[in-house]
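My questions are about this predicted structure, shown below with the sequence.
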Amino acid sequence: MRLSKRIGFALMGALLLYGLFFAVQTLRPRQLALTFPVDVQPGDVVLMRSHTWRAEIVRVIDGVSYRDGFSHVGLVHARRPDGHWDIVHAVPGKDGTVRREAWPDIARGGGISEAVIYRAYITQDIREKLFALQADAARRAVPFDGSFDHHDASTFYCTELVTTLYNQAGHPIVSEAVLDKRAIFPGHLARSIHLRRVGTTRDLPRT
């Protein structure tokens with residue numbers, strides 16, 4: 001009985017310590033990643049790192065460490081007259097949809113502390129198809145896929161949007177083994193041999 005109590009107290013202590021660590025990490029101020037590297041291109045994959053409780057859940061399920069995990073992903077679309085880039089991404093939530101939004105708005109709204117840019121080296125024809133697919137998904141405001149079923153193309157969660165649009169454009173960016181999974185996480189993209197890391201906002205001055 002005493003052993004069971006000790007084990008119980010140890011587990012409670014571990015949970016309290018983890019909760020304290022998570023609270024400190026999520027609540028402490030951070031600079032936002034508001035500016036992209038200068039060589040960003042339409043179609044680039046943007047893996048985002050934030051420090052909210054939702055982001056932590058994604059990292060835990062994805063099986064990656066706190067410092068290494070990504071919580072959201074989108075696609076670079078087009079540059080605005082003010083110099084900022086529009087991103088097409090699937091916004092979670094009850095009324096979530098695929099949207100085209102300016103990067104600074106996404107970074108501020110999601111508390112994004114870093115964005116890492118990955119690139120698939122594609123032909124101009126593929127890039128144009130991908131661009132049109134992104135624009136169409138945002139125009140139709142495709143609903144967010146709250147069931148996280150990668151095999152249902154009528155709704156999209158963030159990673160599903162990216163992998164599906166690349167597939168439809170004719171250039172898969174993850175393996176068949178990954179596509180066979182029910183759900184695909186940002187970490188699958190970061191580890192994909194079909195994408196190359198080309199830059200990060202961490203190397204830039206924050207604004």
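Good, I have the coordinates. Numbers count the residues shown, from 1 in each chain.

pLDDT weak spots in the protein?
By pLDDT under 70, the weakly predicted segments of the chain are 1-33, 51-68, 203-207.

So for the lengthiest strand in the chain, what gets flagged as buried?
As assigned by DSSP state E, the longest strand anywhere in the chain is strand 72-79. Residues of strand 72-79 classed as buried: 72, 73, 74, 75, 76, 77 (neighbour count, 16 or more other Cβ atoms under 10 Å). To be clear about C-beta, it is placed using only N, CA and C from the backbone, and glycine gets the same treatment.

Only the buried residues of stretch 157-172, if you could.
By neighbour count on 16+ other Cβ under 10 Å, the buried set for stretch 157-172 is 157-166, 168-169, 171-172.

Looking at those residues, which two lie furthest apart in space?
Looking at these by Cβ to Cβ, the two members farthest from one another are 157 and 171, with 20.5 Å of separation.

Quick one: residues contacting residue 160.
With contacts defined as Cβ atoms under 8 Å, 6 or more residues apart in numbering, residue 160 is in contact with 90, 145, 148, 150, 183, 184.

Give me the angle between the strand or helix carrying it and strand 72-79.
Counting by DSSP states H and E, the element that carries residue 160 is helix 158-169. Between helix 158-169 and strand 72-79, the angle formed by their directions is 50 degrees, by axes from the mean of the first three to the mean of the last three Cα atoms, to 10 degrees.

Now the element after helix 158-169, going C-ward?
Scanning the chain past helix 158-169 towards its C-terminal end, the next helix or strand to appear is helix 176-179 (assignment: DSSP H and E).

which secondary structure elements does the longest strand of the chain contact?
strand 45-49, strand 85-90, helix 124-139, helix 158-169, helix 186-190 (3 or more Cβ pairs under 8 Å, 6 or more residues apart in numbering; DSSP states H and E).

distance between it and the chain's centre?
The gap between where strand 72-79 is centred and where its chain is centred comes out at 10 Å by Cα atoms, centre = their mean, to the nearest Å.

cool, and stretch 193-206?
Centroid separation for stretch 193-206 versus its chain: 14 Å, with Cα atoms, centre = their mean.

If you count neighbours, what's buried in that stretch?
195, 199, 200, 201.

Please apply the same query to stretch 78-96.
Going by neighbour count (16+ other Cβ under 10 Å), the buried part of stretch 78-96 is 85, 86, 87, 88, 89, 90, 91, 92, 96.

Quote the end-to-end distance of it.
The distance separating the two terminal residues of stretch 78-96, taken as Cα to Cα, to the nearest Å, comes to 22 Å.

again, but for stretch 91-110
10 Å.

what's in contact with that stretch?
32-34, 36, 46, 48, 50, 52, 54, 72, 74, 77, 80, 84-90, 112, 115, 134-135, 137-138, 140-144, 146, 156-158, 161.
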